[in-house]
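**Q** Any chance you can model this:
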Amino acid sequence: MDGHLPGRRGRGDPDPLALRPNPDPPVHRNHGARRPPAAPPGPFGHLSRRAAPVRLFVGVEPSAEAAAELRRLPRPDVVGVRWLRPEQWHATLRFLGRADPDEVRHAVAGWADGWMAGSTGGLPVAVLGPATEVLGDAVVVVPVVGLDDLAASVVEATAHLGEPPESRPFVGHVTLCRFKEGPPSGLVGRPVAASFPVGEVVLFHSRTLDVGPRTTGVAYEVLDRFPFG
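**A** Predicted structure coming up:
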């Protein structure tokens with residue numbers, strides 16, 4: 001993940017189960033009562049309690065005004081460049097890797113309830129800019145400052161979950177695109193000026209997608225939001 005993101009039947013092959021009539025639910029011989037319906041799914045649907053660990057991270061979403069500023073940046077269609085959709089923009093505070101979503105949810109919910117009580121400066125303010133830049137070898141980002149203390153607090157609250165916290169310094173940013181051969185011409189160094197108060201953090205599920213032959217992509221699914229109490 002940028003901020004630091006599984007025999008299949010052919011499409012034309014019929015499902016053999018679909019060709020069978022759906023039988024009535026079994027009836028108990030003694031008193032003719034039908035079996036009760038299955039229990040409803042858990043709070044996360046397929047990510048119900050005791051589900052297998054999935055790739056998770058905690059982050060911050062830009063405000064509508066900040067996202068509008070990012071939308072003004074050029075997004076040329078260039079071979080080898082994968083753009084994040086605006087609804088996927090975020091600044092990662094803590095990448096947990098594979099972890100139980102319910103355990104993480106419980107830890108972050110408790111932490112968020114007490115965040116404001118322990119904060120002396122009010123809500124943190126995320127400041128985007130001053131310009132787009134290349135981070136690492138294959139990512140164009142917008143730097144974000146003002147989230148260091150928030151990220152450190154999230155790491156402390158979740159250090160016992162998922163992968164061990166990273167030892168390298170926190171670098172706040174919003175990823176715009178990933179590239180193979182080089183960044184899109186004219187994108188790096190574009191001025192950006194936006195800021196917003198951070199009133200909540202978000203728990204994301206990072207999913208790997210097949211987007212073509214020998215090519216994968218990543219999608220970020222919001223599992224829960226945690227406003228500061």
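
**Q** low pLDDT regions in this protein?
**A** The chain contains residues with pLDDT under 70 at 1-51, 209-216.

**Q** Please list all residues in contact with the residue nearest the centre of it.
**A** When the chain is reduced to its mean C-alpha position, the nearest residue by CA atoms, centre = their mean turns out to be Phe204, at 3.1 Å. For Phe204, the contacting residues are 56-59, 90, 220-223, by CB atoms under 8 Å, 6 or more residues apart in numbering. Where C-beta positions appear, they are placed from N, C-alpha and C, glycine not excepted.

**Q** Over to Trp89?
**A** Neighbour list for Trp89: 61-62, 67, 70, 174-175 [criterion: CB under 8 Å, 6+ apart].

**Q** Repeat the analysis, applying 7 Å as the threshold.
**A** The neighbours of Trp89, taking CB atoms under 7 Å, 6 or more residues apart in numbering as the test, are 61-62, 67, 70, 174.

**Q** Kindly reformat those as TSV containing neighbour count.
**A** Formatted as TSV, the contacts of Trp89 follow (neighbours: other CB atoms under 10 Å):
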residue	neighbour count
Glu61	23
Pro62	23
Ala67	17
Leu70	19
Val174	28
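
**Q** Now Val142: closest residue in space, sequence neighbours ignored.
**A** Excluding its sequence neighbours, the residue lying closest to Val142 (CB to CB, 6 or more residues apart in numbering) is Val174, at 4.7 Å.

**Q** Quick check: phi and psi at the one you found.
**A** Dihedral pair for Val174: phi -110, psi 120, per degrees, to the nearest 10.

**Q** My guess is Leu84 contacts Val174. True?
**A** No - the pair Leu84 / Val174 is not scored as a contact, 8.5 Å apart, by CB atoms under 7 Å.

**Q** thinking again about what came up before, what helix or strand is the residue nearest to the centre of the chain located in?
**A** strand 200-212 (DSSP states H and E).

**Q** neighbours around Asp102, how many?
**A** 17 (other CB atoms under 10 Å).

**Q** Doesn't it lie inside a strand?
**A** No - per DSSP: H, G, I helix; E, B strand; the rest coil, Asp102 lies outside any strand segment and is helix.
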